[in-house]
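Participant: Take a look and give me a structure for this.
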Amino acid sequence: MQTYWCMSWHISTFAASTTDLSTLALIMRPVSSAKATALWDAARTREFLRPHEKIVLDNMSVDDAAEWLAKWQRWHETERKGRCAACEKRTPLGVLAAILIRARLRKHAAALFVRTVIRDDARAGQDECCEGDSLVYDAEQDYREEQERTETLQAGKSIGGRTAELAVLLERIWDTGFCTHEDVLPQPQDEEDADCEDAHDLASKDEAEIRALLSATIIYRRIFPSSFPACSTSVSFILSPPPSPSQRNATLHMALRTALASRAFEYASGGRLEDEELSIALEDSRDRVCDMLVELEKSCRRGARF
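Facilitator: Numbering: from 1, shown residues only. As a prediction, this is how the structure comes out:
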């Protein structure tokens, strides 16, 4: 209460910024839920909101925000066991935005990988006419996903730092597909620009998972530019003879296997995607691609004998 009254004394709620109002709301929540909700709503209805502020205020209640911050604090106390200079510089709203945006980026990157693999399966289904398999297009769901993705990308670019780089990268790959595997690899960071101090931070772990998902998508497209997976559970697909250099590239094969081994693809072993259906589809798509790699390598070895 003392902190709230001190802030209120120096900051008028009518002239307070979005950041100040959201901070006051979180401070008041243990004392008065009604007052906290009113302050949170006041922050949401400010005339000028930056995209990374808007994504938090539009998608979280003050109770949700407090719960997320409590989990983030517990993680810092139990997992990191150290200071994070970048996180200490952020406001509560900034911390929430960073966590939410990275979670959204991970979700969209996972959806892109699944769509890429499923699209090849759909092409195969058109040619092989597998019974019982049909791909139903839901225009309304696709529109909702596109709106959510646009909101995420705008917020990601608004918050800056490595999160902005990931948002731009996802946008490039999703819209044009024109991106090299090297572009997806993490770039050296200056200490002043780094989101956190080391690779054990939550931000760094999130970034590694997002980059693994994007990397797997890019390399998959290079190795299987005209792949036709069968609809059955067995792996059977047509290779354009002779196999392209990318299909024979052992370095690319290893890079794809490394990306697929990321925890980002795991559902049963502690994956962090909240969408259970997407998590299962992601793991299934990962297994599918692993089977395709095995079959491709066998085909290349057979071709080398002749």
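Participant: Okay, domains of this structure per the record?
Facilitator: Under the assignment automatic domain parsing, the domains of the chain span 2-82, 101-304.
Participant: Confidence-wise, which of those is weakest overall?
Facilitator: Out of the domains of the chain, domain 101-304 stands lowest, with a mean of 76 (criterion: mean pLDDT).
Participant: Give the buried residues for the biggest helix by length in the chain.
Facilitator: Counting residues, the longest helix found in the chain (DSSP state H) is helix 92-128. Using 16 or more other CB atoms under 10 Å as the test for burial, helix 92-128 gives 92-118, 120-122, 124-125. In short, each C-beta sits where N, CA and C put it, glycine included.
Participant: Could you do stretch 168-175 as well?
Facilitator: L169, L170, E171, I173, W174.
Participant: With stretch 64-74 instead?
Facilitator: A65, A66, W68, W72.
Participant: same question, stretch 44-51
Facilitator: R44, L49, P51.
Participant: now stretch 27-35
Facilitator: Quick answer for stretch 27-35 (16+ other CB under 10 Å): I27, M28, R29, K35.
Participant: what kind of secondary structure is the closest residue to the third one other than its chain neighbours in?
Facilitator: Counting by CB to CB, 6 or more residues apart in numbering, R29 lies nearest to A36, which is 3.9 Å off, once chain neighbours are set aside. Remark: A36 carries the secondary structure label helix [criterion: DSSP: H, G, I helix; E, B strand; the rest coil].
Participant: and A36, what does it touch?
Facilitator: A36 makes contact with A25, L26, M28, R29, V62, according to CB atoms under 8 Å, 6 or more residues apart in numbering.
Participant: and the buried residues of stretch 64-74, which of them are in helices?
Facilitator: Per DSSP H, the buried residues of stretch 64-74 map to helices at A65, A66, W68, W72.
Participant: What is the nearest of these to D275?
Facilitator: Nearest to D275 among those is W68, at 17.1 Å by CB to CB.
Participant: one step back: other SSEs contacting the next helix or strand after the longest helix of the chain?
Facilitator: On the C-terminal side of helix 92-128, the closest following helix or strand by DSSP states H and E is helix 139-159. Packing partners of helix 139-159 (3 or more CB pairs under 8 Å, 6 or more residues apart in numbering; DSSP states H and E): helix 51-59, helix 92-128, helix 161-175.
Participant: what comes into contact with the shortest one?
Facilitator: Spelled out, it's helix 51-59. When contacts are defined by CB under 8 Å, 6+ apart, helix 51-59 is touched by residues 18-19, 22, 40, 43-44, 49, 65, 93-94, 96-97, 100-101, 104, 151-152, 154-159.
Participant: CA atoms only for it - export them in CSV, please.
Facilitator: Provided in CSV are the C-alpha atoms of helix 51-59 (Å, rounded to 0.1, in the frame of the first residue of the first chain):
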residue,chain,number,x,y,z
PRO,A,51,2.0,-2.9,-30.0
HIS,A,52,3.9,-4.9,-27.4
GLU,A,53,1.9,-3.2,-24.6
LYS,A,54,-1.4,-3.7,-26.4
ILE,A,55,-0.8,-7.5,-26.9
VAL,A,56,-0.4,-7.9,-23.2
LEU,A,57,-3.3,-5.7,-22.1
ASP,A,58,-5.7,-7.2,-24.7
ASN,A,59,-4.9,-10.8,-24.0
